[in-house]
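Novice: Make a model of this:
(one chain, ligands or ions: 2)
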Amino acid sequence: MTERATTTVPEHVQLVNDTSSGPRPVGAVVVVKFGGNAMVDAGLRRTFAEDVVELWHAGLRPVVVHGGGPQISAMLDRLGLETRFEAGLRVTTPETMDVVRMVLAGRVQRELVGHINACGPPFAVGMTGEDAHTMTAVRRPARVDGRPVDIGLVGDIVGVNPGMVHALLEDGHIPVVSPVARGEGGEVYNVNADLAASALAVALGAERLVMLTDVEGLYANWPHSAEVIGRLTADALDGLLPGLAGGMLPKMEGCLRAVRGGVRRADVLDGRVPHAVLRGVLDEISPGTTVIPGAV
Ligand SMILES: Nc1ncnc2c1ncn2[C@@H]1O[C@H](COP(=O)(O)OP(=O)(O)O)[C@@H](O)[C@H]1O
Ligand SMILES: CC(=O)N[C@@H](CCC(=O)OP(=O)(O)O)C(=O)O
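Specialist: Numbering: from 1, shown residues only. Ligands and ions are numbered 1, 2, ... in the order given. Predicted structure coming up:
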């Protein structure tokens, strides 16, 4: 039998027992999706981090899922690789997947963790859906004008194991999750961040899902009008989905899946407004689009 190795800590190394955030009872979980378009402004990234920390101090347990579409496209452009979207999802070749993972986990997530930790405690911990097998995905089939199209390594989440996220919350941390998932056979998938946030919210039994984006909310008859739909039920949204396009399609599909999966309320908020998260979560009436469960 092999003996378990023990670690001897040299005297000059101080063991830091960080009790400043520390384990504490887990309050209502709020999953906040921070969209790549709202993230391009450095000032907004800072106020977003302040808000997330403020939510934690208010007794809530925020979990951040971040996007990074514009940042991925900029890197693909620098590398001379093509950017193409179908039904709001990036066509992902194996080469694209490498860039997606590098930008999301190596850059966007790192910066966000740094911003939150500059405002903490509490302190943020970054992870991707691959870590601890948190998110499992299969290849997502896509149809354009009724015809099947190959969008490559785009994943649809089929399983969420929220244990690691719960553990971080219980230890007083703010998890920051990149939307990359693992396939059953170990392959890696690019998951739209709205759909990743939605799946995680359901698995965590979150009270709220908040999606920050670069418009005021869901517009009726977009792009012909910019009239925000303030509040709508899951069934009403279901009826609207086939008429939606672009980035709003996965976002609203994510809201629908969340409220149908038990989340009490999903909001799409204008992330260009400073402190949109704090206002949106703490105020009963949010300025964007609110989706609630139920019939029309
Ligand atoms: N009905 C709609 N209402 C509002 N925005 C829409 C609508 N349909 C498409 N869009 C587009 O969706 C975009 C938001 O989605 P996306 O670019 O994926 O943002 P994010 O990076 O925040 O996820 C808006 O900037 C807008 O161009
Ligand atoms: C499959 C798919 O489209 N994945 C997205 C993941 C990032 C994302 O969703 O970022 P935003 O929230 O900023 O749009 C992408 O590659 O752009």
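Novice: do you know how far the residue lying closest to L244 once chain neighbours are set aside is from ligand 2?
Specialist: Distance criterion CB to CB, 6 or more residues apart in numbering; nearest residue to L244, sequence neighbours excluded, is M252 at 5.8 Å. From N, CA and C alone the C-beta is placed, and that goes for glycine too. For M252, the distance to ligand 2 equals 13 Å [CB to the nearest ligand atom, to the nearest Å].
Novice: Look up the closest residue to the residue of the stretch 151-296 of the chain found nearest ligand 1, ignoring the ones flanking it.
Specialist: Using CB to the nearest ligand atom, the single residue of the stretch 151-296 of the chain nearest to ligand 1 is G247, 2.1 Å away. Leaving aside its sequence neighbours, G247 sits nearest to G88 (CB to CB, 6+ apart; 5.3 Å).
Novice: Give me the distance between the residue of the stretch 151-296 of the chain closest to ligand 1 and ligand 2.
Specialist: Relative to ligand 2, and taking CB to the nearest ligand atom, G247 is found at 6 Å.
Novice: K33 now?
Specialist: Taking CB to the nearest ligand atom, one finds K33 at 7 Å from ligand 2.
Novice: Can you report how many residues lie near the residue nearest to that residue when sequence neighbours are not counted?
Specialist: Distances taken as CB to CB, 6+ apart put A197 closest to K33, at 3.8 Å, once the chain neighbours are dropped. Taking other CB atoms under 10 Å as the criterion, the count of residues near A197 is 32.
Novice: surely A197 meets M211?
Specialist: Yes: counting by CB atoms under 8 Å, A197 does reach M211; the two are 6.8 Å apart.
Novice: How about stretch 36-49 and ligand 2, touching?
Specialist: Yes: for stretch 36-49, a contact with ligand 2 is found by CB under 6 Å from any ligand atom, at G36, N37.
Novice: And for the residue in the stretch 151-296 of the chain positioned nearest to ligand 2, the neighbour number?
Specialist: Closest approach between the stretch 151-296 of the chain and ligand 2, counting by CB to the nearest ligand atom: A193, at 3.4 Å. By the criterion of other CB under 10 Å, A193 has 27 neighbours.
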